[in-house]
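J.: whatever this is, show me its structure:
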Amino acid sequence: MSEQATYRSLAEGLPTELAQHLHSDWYRFESEYWAVRDSLLTQYGNQWIGFANGKVVASGSSPVRVLHAAKQADPHAFFACVGREYEPTRMRRATFPYDASYPGEPLPVVRAEFRGSQGSPGVVLDNVILDTGSDASALPWSDCQLFALDPAAATAGFFSGVGGGTINTLEYGMWVVLDGTVLECRIHVDSLGNERILGRDVLKCLDVLFRGPAAEVIINP
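T.: Residues are numbered from 1 along each chain as shown. This is a model prediction of the structure:
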């Protein structure tokens, strides 16, 4: 049986309040992608691509760059890693119970401005965790609602933590401003958690020094 007959939409399992943000063209492009997916494996296998109107509109090894390029080509573009469509983005977070008799360890956090559109003022958020173990960045759904994001810009995906379990999510190409430097980021909407995460999509562009004894983070954009 062909892939076209058996594929499972990346949007399947999304909470209703998130699924309604996906444009009808995104579903159409997803279907068209699967109709030709096998023919793309040779040239684009294990690469990230944007797909719209029956053709590849962006491709490469960096998901954050491809996502932004795809959305510039078509705001409803389907976005996936060819041949690895159902592999979740890893959010390598682990939760440990506090020792009630000990004050606990400090958490490396920063204050950052997030922008839903390039060149426009954004929203400054506190307590953004720097997570070198996360493939991409994430914000709670309550935060995402502050940006008046264009529903047409949403694409569906997955993320997973170290403990297993996969969460359906929306992805947006956004921008984060740190010390005056504007950087592209790949935001996953976390509909279950409340943590703000900056992952390697952003951190790979920065020099970051974690000064544990001083309990501070130094960023050199």
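
J.: okay, now the domains of this structure?
T.: The chain is divided into the following domains under automatic domain parsing: 13-85, 109-220.

J.: dump the ones you listed to a markdown table, plus mean pLDDT.
T.: Formatted as a markdown table, those follow (pLDDT from 0 to 100):
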| stretch | mean pLDDT |
| --- | --- |
| domain 13-85 | 95 |
| domain 109-220 | 88 |
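
J.: nearest spatial neighbour of residue 14, skipping sequence neighbours?
T.: Nearest non-adjacent residue to residue 14, counting by Cβ to Cβ, 6 or more residues apart in numbering: residue 168, 4.5 Å away. In short, each C-beta sits where N, CA and C put it, glycine included.

J.: count the residues that sit near the one you found.
T.: As a burial measure, residue 168 scores 19 neighbours (other Cβ atoms under 10 Å).

J.: which strand or helix spans it?
T.: Assigned by DSSP states H and E, residue 168 belongs to strand 166-178.

J.: buried sites along that strand?
T.: For strand 166-178, the buried set under the neighbour-count rule, 16 or more other Cβ atoms under 10 Å, comprises 167, 168, 169, 170, 171, 172, 173, 174, 175, 176, 177, 178.

J.: number of residues surrounding residue 17?
T.: Residues near residue 17, counting by other Cβ under 10 Å: 11.

J.: wait, doesn't the residue nearest to residue 14 sit right on residue 12?
T.: Yes. Counting by Cβ atoms under 8 Å, residue 168 does reach residue 12; the two are 7.4 Å apart.

J.: which stretches in the chain count as helices?
T.: Applying DSSP state H to the chain gives helices spanning 3-6, 16-19, 24-44, 63-73, 141-144, 200-203.

J.: how about TSV for these, with distance to residue 218 added?
T.: Formatted as TSV, the helices of the chain follow (distance: least, Cβ to Cβ, whole Å):
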stretch	distance to residue 218
helix 3-6	48
helix 16-19	36
helix 24-44	39
helix 63-73	23
helix 141-144	25
helix 200-203	13
